[in-house]
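Asker: let's see this in three dimensions:
(one chain, ligands or ions: 1)
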Amino acid sequence: MNTGASVDGRPRLLEVDALDVHLGTPRRHILKGVGLAVAAGETVGLVGESGSGKSTLAKTLVGVHRPTSGSIHFDGRDCLRAGSRDRARLRREIQYIPQDPYSSLDPRRTVGETIAEALDPRRARVSRHRRRILELLELVRIDGSSLDRRPSEFSGGQRQRIAIARALAVEPSLIVADEITSALDLSTQAEVLNLLADLKRSIGLTLIFVSHDLAVVRSISDSVLVLLHGEVVESGSAREIFDTPTAPYTRMLIDSAPGGPGFSLD
Ligand SMILES: Nc1ncnc2c1ncn2[C@@H]1O[C@H](COP(=O)(O)OP(=O)(O)OP(=O)(O)O)[C@@H](O)[C@H]1O
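Answerer: Purely as a prediction, here's the structure:
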């Protein structure tokens with residue numbers, strides 16, 4: 001991956017260097033010297049087999065896990081040394097969307113209440129934020145008349161779009177999407193991927209997209225990071241990684257993906 005002060009001429013938004021994470025009892029070394037750079041407006045795909053450390057990296061970026069060493073800089077700020085005010089700001093600027101919209105949306109809250117809460121936790125009244133809530137729902141193509149419905153009344157893809165609207169409510173600079181299409185059928189997956197591609201064009205969304213599904217990653221990413229046993233084995237532009245992989249592990253992943261060897265979405 002690019003190691004200069006910018007990525008393809010664009011300034012870096014996120015810069016991760018030599019990240020080590022230990023988890024569990026006894027402590028296990030999960031992430032080993034991971035480095036990553038994300039430019040504003042870029043989509044970075046994070047791939048690797050189950051257990052390679054993708055979710056651990058995603059969660060470390062949003063402050064769920066504390067690394068044992070290494071650094072995370074966001075928009076020039078040192079995330080690991082941030083004071084409480086900066087940490088609160090970072091929690092808004094970097095939004096995490098988990099795989100399972102069933103568990104991440106409160107079943108008792110209506111869609112309107114869910115988004116109002118994200119917009120303004122202290123005064124989360126739908127009437128107060130109605131116009132903005134409707135704008136956000138329009139952005140993710142959920143009908144405004146759904147405001148008073150609860151998550152159980154939506155399909156998996158719709159719930160995931162509501163989770164995206166909630167993440168967008170705070171106008172984050174970066175969204176970390178952790179296997180958000182994995183539980184969806186193919187047409188619903190395509191719906192969510194198209195939405196993300198549109199948001200990238202319309203609002204310049206910057207995205208880290210975690211997935212074990214190489215076809216999905218290929219369809220959406222500008223650059224790709226391949227993890228194996230918590231280490232980066234290869235990184236670069238999506239085209240380079242998929243067309244001319246250098247690491248044997250990346251080759252193996254591509255060859256064993258549905259449609260591989262040399263699978264293609266085109
Ligand atoms: N909280 C935790 N405590 C201890 N070990 C953990 C914890 N979270 C993850 N691990 C371990 O870290 C390793 C990497 O897990 P992680 O969930 O990051 O992988 P992944 O690539 O996202 O896999 P998957 O696609 O199956 O979710 C696994 O061996 C897992 O058991």
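Asker: measure stretch 212-232 end to end?
Answerer: With Cα to Cα, to the nearest Å as the measure, the first residue of stretch 212-232 is 15 Å from its last.
Asker: using CSV, write down the CA coordinates of the longest strand seen in the chain.
Answerer: If you go by DSSP state E, the chain has its longest strand at strand 10-23. Extracted in CSV, the C-alpha atoms of strand 10-23 (Å, rounded to 0.1, in the frame of the first residue of the first chain):
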residue,chain,number,x,y,z
ARG,A,10,-5.5,12.4,-1.8
PRO,A,11,-4.8,13.3,1.8
ARG,A,12,-5.0,10.5,4.3
LEU,A,13,-7.9,10.4,6.6
LEU,A,14,-6.9,7.3,8.6
GLU,A,15,-3.4,6.0,9.2
VAL,A,16,-2.7,2.9,11.2
ASP,A,17,0.8,1.8,11.9
ALA,A,18,2.3,-1.4,13.5
LEU,A,19,-0.8,-2.2,15.4
ASP,A,20,-0.7,-5.1,17.8
VAL,A,21,-3.8,-6.3,19.6
HIS,A,22,-3.9,-9.0,22.3
LEU,A,23,-7.3,-10.4,23.4
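Asker: buried residues in that strand, which are they?
Answerer: Neighbour-count burial for strand 10-23, counted by 16 or more other Cβ atoms under 10 Å, picks out Arg12, Leu13, Leu14, Glu15, Val16, Leu19, Asp20, Val21, His22, Leu23. Bear in mind the C-beta positions are built from the backbone N, C-alpha and C, glycine included.
Asker: mind listing the residues bridging to the fourth one?
Answerer: Listed by DSSP bridges, the beta-bridge partners for Glu15 are Ala37, His73.
Asker: show me how far stretch 13-24 is from its chain's centre.
Answerer: 16 Å (Cα atoms, centre = their mean, to the nearest Å).
Asker: I meant to write stretch 41-48 there.
Answerer: 8 Å.
Asker: just to revisit the earlier point, pick the one among the buried residues of strand 10-23 closest to Val62.
Answerer: Closest approach to Val62 among those (Cβ to Cβ): Leu14, at 11.1 Å.
Asker: go ahead and confirm the closest one touches His73.
Answerer: Yes. Under the criterion of Cβ atoms under 8 Å, Leu14 makes contact with His73 at 7.3 Å.
Asker: where does pLDDT dip in the protein?
Answerer: 1-10, 101, 259-266 (pLDDT under 70).
Asker: I'd like the next helix or strand past the longest helix belonging to it.
Answerer: Looking across the chain with DSSP state H, the single longest helix is helix 186-203. With elements assigned by DSSP states H and E, the helix or strand that comes after helix 186-203 is strand 207-210.
Asker: what helices or strands is that following strand leaning on?
Answerer: The contact analysis (3 or more Cβ pairs under 8 Å, 6 or more residues apart in numbering; DSSP states H and E) places strand 207-210 against strand 43-47, helix 54-61, strand 174-178, helix 186-203, helix 214-220.
Asker: and of the ones you listed, who's closest to Thr250?
Answerer: When these are compared by Cβ to Cβ, strand 43-47 sits nearest Thr250, at 8.4 Å.
Asker: which strands or helices does that closest one pack on?
Answerer: Packing partners of strand 43-47 (3+ Cβ pairs under 8 Å, 6+ apart): helix 54-61, strand 207-210, helix 214-220, strand 223-228.
Asker: now for these, which one comes closest to the ligand?
Answerer: Of all the helices and strands packed on strand 43-47, helix 54-61 sits nearest to the ligand, with 3.3 Å by Cβ to the nearest ligand atom.
Asker: all strands for the stretch 1-150 of the chain, in order.
Answerer: In the stretch 1-150 of the chain, the strands defined using DSSP state E, counting those that start in this stretch lie at 6-7, 10-23, 28-39, 43-47, 69-74, 77-78, 94-97.
Asker: let's have the ones you listed in CSV, adding distance to Leu196.
Answerer: Formatted as CSV, those follow (distance: least, Cβ to Cβ, whole Å):
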stretch, distance to Leu196
strand 6-7, 19
strand 10-23, 17
strand 28-39, 15
strand 43-47, 8
strand 69-74, 20
strand 77-78, 26
strand 94-97, 10
